[in-house]
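Provided below are the primary sequence and the corresponding predicted coordinates.
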Amino acid sequence: MDNPTIARIFADVADLLEIQGGANVFRIRAYRNAARTVESLGASAEAAVRTGEPKLDELPGIGKDLAGKIKEIVETGKLTLLEELKRQIPEGLLAMMRLPGLGPKRAKLIHGELGIDNLDALDAAARAGKLRAIKGLGPTIESRIVKSIADAKIRSARHRLADAEAVVGPYVAYLKKAPGLQRVEVAGSYRRRAETVGDIDILVTAKKAGPVADRFVAYPDVRQVLAKGDTRSSVVLASGLQVDLRVVPDASYGAALYYFTGSKAHNVAVRTEAVRRKLKINEYGVFQGARRIAGRTEEDVFKAMRLRWIPPELRENRGEIDAAASGALPALVTVKDIRGDLQMHTTDSDGKQTLDEMAEACRARGYAYMAVTDHSKAVRVAGGLEATGFRRQYKEIDKLQKRLRGLTLLKSAEVDILDDGALDLDERILAEMDVVVVSVHSKFGMSRADMTRRIVKAVQHPRVNILAHPTGRLIGRREPYEVDMEAVVKAARDCGVLLEINAQPHRLDLNDAYVYMAREAGVKLVVSTDAHRVAELDYMRYGVDQARRGWCEKQDIANTLPLAKFRKLLAKST
DNA sequence: GCCGTTTTCGGCCCGACTGTTTTCAGTCG
């Protein structure tokens, strides 16, 4: 029973309680808070139930009752409360309430009046004009429902950060030409560098809001205008990405940026703390009674709350507020700290550019070292090499090295981990490498126990230095394979193996929660691009974003070390 | 359902937009 599943159960309980009505809204909120806490928990809740560490009822938002419910879920695989709610409430109502524009109240109203309990029936009723007969609903909501149902089928809920960046750049450039515009900044999960974003929040300060909002909705790529007002407007682009615009006076820039950066959980926690200090925080400033005491810059807002400035990547209510209060915030790693890239491919396997081109590009990026990690033979689709292929490549590397100054080429390979945990290359060729990277490329459907055994065995191999993309997920396309990551982290720690943060925007593997977990366990990580062409070397920043979201400092990331020290780290004591 | 220098009850973040009302409820972020 993994954390996301437990979180999902609590979130479902919250939704069903809400749709059922009558429940204390704060009880509903408590389930949502608990879902978030479990979701972002560094350790596994299942292990916590088994070992009593950490104590569940001491986690934020989880008391005796919810701790007991987590125990029930772990031990029985389900939650009686949820089963009962599901018996009482038709499941289709959940899908109905999740439609934009429809919430629990309206979903329940429609169900009560017309007996509708699924999206198809709702769609038919809306098209037939039957909803407007219900008091409180009208033709506008009716047509919105039809559109929402149609959109839900084509619109993917979340967009990868890199995809969002490609959309945001031109949009912001266009917006900057609005008359009277002073400052523009992208906030929200985008600024927090989350791996995916649900929508884009653009913050603008301007003397007059009207012209900015007008230009915002007139962008050629806009497919639908959801809302348009003096401070808030909202559109959907052709790609399905929703973009929200907020316009505030320049004097409120800091407060608005802080507020719209979120996360929601972080904001709620800080605002609750503000209430305790008889302060009020909103998007216009920090207020003591009617007096505004901060708001022009983000730093001011934090100062008013007696907190250090918290980097956006940490604003997830995972302990950063306490850390900011006590001066214990991490000094997060930056792209400038990175001295080498430790996974990339060349035309010798499935890369698109030659060894020379990749080396030249790494030199141009100011790196001190790079590892050339072409695939091994088992990965046939990627043109994996036999030992002889690697030896030929290493001779080339020797020749190239003589011409290069300042950049050291490390002989390496991305060695495939076979089904039984053995490595795809033999001892002799492994011994010729400077650094050995291993990873899984096949049999993703193995049982959790088998996959864990397989990976742990590979990690324990004395020649192995780095475990690459440890969970195998592809964001939005392939779920991570089943594996006990705690066991993998423990093996990595015991064997001095580095865990990779793969910087490919569709991988970002490890994810932020696992990065945090590994770092807490004392495991060192590396950030590598897995570049298959020169341009992909620039993905490094996405990997660093992920490291930062996992609270990593420079010393947690091994490829921030100068070459000599990095080599020392590779020379394991075994 | 959680929580506590306002502590075991009585609170629980705050504001904007829309559609349907005729002063506001529902939804959203």
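Good, I have the coordinates.

any idea what sits nearest residue A:325, other than its immediate chain neighbours?
Leaving aside its chain neighbours, residue A:325 sits nearest to residue A:307 (5.7 Å; criterion: CB to CB, 6 or more residues apart in numbering). Every C-beta, even on glycine, is put in place using the N, C-alpha and C of the backbone.

got a list of what the one you found touches?
A:270, A:321, A:324-325 (CB atoms under 8 Å, 6 or more residues apart in numbering).

now with 10 Å?
A:270, A:273, A:301, A:320-327, A:329 (CB atoms under 10 Å, 6 or more residues apart in numbering).

in stretch A:145-153, what counts as buried?
A:145-146, A:148-149 (16 or more other CB atoms under 10 Å).

Greatest separation within those: which pair is it?
Using CB to CB, the pair of the buried residues of stretch A:145-153 lying farthest apart is A:146 and A:148, separated by 7.4 Å.

Please enumerate the shared neighbours of these two.
A:122-123, A:126.

wait, which of those is closest to DNA strand B?
residue A:126 (11.4 Å; CB to the nearest atom of the strand).

how near is that closest one to residue A:146?
5 Å (CB to CB, to the nearest Å).

ditto for residue A:57
For residue A:57, the distance to residue A:146 - CB to CB - is 46 Å.

Next: residue A:321.
Following CB to CB, the distance that separates residue A:321 from residue A:146 is 43 Å.

Repeat that for residue A:71.
Counting by CB to CB - residue A:71 and residue A:146 are separated by 44 Å.

Please list all residues in contact with the residue nearest the centre of chain A.
For chain A, the residue nearest the mean C-alpha position is residue A:195 (3.3 Å; CA atoms, centre = their mean). Contact analysis of residue A:195 by CB under 10 Å, 6+ apart lists A:158, A:160-162, A:189, A:475-476, A:505-509, A:511-512, A:542, A:545-546, A:549.

so of the residues you listed, which ones are in helices?
Of the positions in the contacts of residue A:195, A:161-162, A:189, A:512, A:542, A:545-546, A:549 sit in helices, assigned by DSSP state H.

what's the closest of these to residue A:388?
So of the ones in helices among the contacts of residue A:195, ranked by how close each gets to residue A:388 (CB to CB), first place is residue A:542, at 35.1 Å.

Could you double-check that the closest one lies in contact with residue A:163?
No - the criterion here is CB atoms under 10 Å, and residue A:542 misses it with residue A:163 at 11.6 Å.

Among those two, which residue is more densely surrounded?
residue A:542 (26 against 18; other CB atoms under 10 Å).

Roughly how far does the more buried one sit from residue A:531?
12 Å.

overlap in contacts of these two?
A:503-504.

Could you check how far residue A:108 is from residue A:133?
17 Å.

quick one: which of these two has more around it?
Legend: neighbour count by other CB under 10 Å for residue A:108 and residue A:133, higher for residue A:108 (18 against 11).

right, and that one touches residue A:94 too?
No - when contacts are counted by CB under 10 Å, residue A:108 is not listed as touching residue A:94 (11.5 Å).
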